[in-house]
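Asker: Have a look at this fold, sequence not included:
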């Protein structure tokens, strides 16, 4: 009997160093300008071949569904429907990225499954095809496939790679609040403004690895509606901004995680020690050059 193969994959979280909503589309989505950044925080995705056909999924987090509503499951089904050669599959998710936190955990899991199935079954699917399948699953999935540092337009799926920011220290704080991305976008009633100049400035800072400049130009349009519903997040951002060694603080995505760009690893560690007993999640992390990678 042939031995069934297993593959472990790191599915990295993302933050948004810049996020502006520039307009609403006819399909109901919104056009964005954003700077994505992968970080070291990751979920572990274990893919195992099965003798039986079909996909089964398990997760160690009670709030993550184990059915077709899970993006990782949907990713496996999308591959199965697109190409021949995929056998039965068991997906296990070991969750480390907080759920509904603006860190792209679900998208990262879907990207890891797309990447991993291609490797596990030697399907030789081109990356452009994986990116197209990912786009149909969710706007952040294409970035999570390539990872690193990138400028996103469209709904975030049209990507231009930027010079990678390697080993830049951050601190993440999440008070245990879950924010629905779809609810936030559905209820946007504040004026949309073009910030083309600001977008260019922060991209130039990224290309120069000017972390002071990046810190000064962090921006997230979605802070306005989210902070109005959850003012405690604004307080966290203010507290982080005042810490010694903080170059800038911002909410990631649609929240509720607040991150701070730190001067160095020591200042990140001191900041984490200051807040660690106050919030459900308070951790140091650093930038990462990949979105998904095989974990040996």
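Answerer: Great, that's in hand. Worth saying up front: this structure is predicted, and the values here are computed from it rather than measured. Numbering: from 1, shown residues only.

Asker: residue ranges with poor pLDDT in the stretch 101-250 of the chain?
Answerer: Filtered on pLDDT under 70, the stretch 101-250 of the chain yields the residue ranges 190-192.

Asker: now do 80
Answerer: Applying pLDDT under 80 to the stretch 101-250 of the chain flags residues 181-182, 186-196.

Asker: That one: strands as residue ranges?
Answerer: 149-153, 158-161, 169-174, 219-220, 246-251 (DSSP state E, counting those that start in this stretch).

Asker: From residue 24, how far off is residue 293?
Answerer: 35 Å (Cβ to Cβ, to the nearest Å). For the C-beta atoms, the positions are set from N, CA and C on the backbone; glycine is no exception.

Asker: can you check residue 164 too?
Answerer: Residue 164 is 32 Å from residue 24, by Cβ to Cβ.

Asker: which of the two has more neighbours?
Answerer: Neighbours were counted for residue 164 and for residue 24 using other Cβ atoms under 10 Å; residue 164 has more, 19 against 13.

Asker: so who does the more buried one touch?
Answerer: Counting by Cβ atoms under 8 Å, 6 or more residues apart in numbering, residue 164 makes contact with 148-149, 287, 289.

Asker: returning to that earlier point: which of the strands of the stretch 101-250 of the chain sits most buried?
Answerer: Ranked by mean neighbour count under mean count of other Cβ atoms under 10 Å, the strands of the stretch 101-250 of the chain are led by strand 169-174, which reaches a mean of 25.

Asker: Could you name the helices and strands sitting against it?
Answerer: strand 30-50, helix 231-241, strand 258-262, helix 265-275, strand 281-286 (3 or more Cβ pairs under 8 Å, 6 or more residues apart in numbering; DSSP states H and E).

Asker: what's the closest of these to residue 153?
Answerer: Residue 153 lies closest to strand 30-50 among those, at 5.8 Å (Cβ to Cβ).

Asker: Show me which parts of the closest one are buried, residue by residue.
Answerer: Buried residues in strand 30-50, defined by neighbour count with 16 or more other Cβ atoms under 10 Å: 30-49.

Asker: Also stretch 95-105?
Answerer: 95-98, 100-105.

Asker: how about the residues you listed in JSON lines, adding distance to residue 266?
Answerer: Converted to JSON lines, the buried residues of stretch 95-105 look like this (distance: Cβ to Cβ, whole Å):
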{"residue": "95", "distance to residue 266": "29"}
{"residue": "96", "distance to residue 266": "24"}
{"residue": "97", "distance to residue 266": "25"}
{"residue": "98", "distance to residue 266": "25"}
{"residue": "100", "distance to residue 266": "32"}
{"residue": "101", "distance to residue 266": "26"}
{"residue": "102", "distance to residue 266": "26"}
{"residue": "103", "distance to residue 266": "24"}
{"residue": "104", "distance to residue 266": "28"}
{"residue": "105", "distance to residue 266": "28"}
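
Asker: Please consider this matter closed, and thank you.
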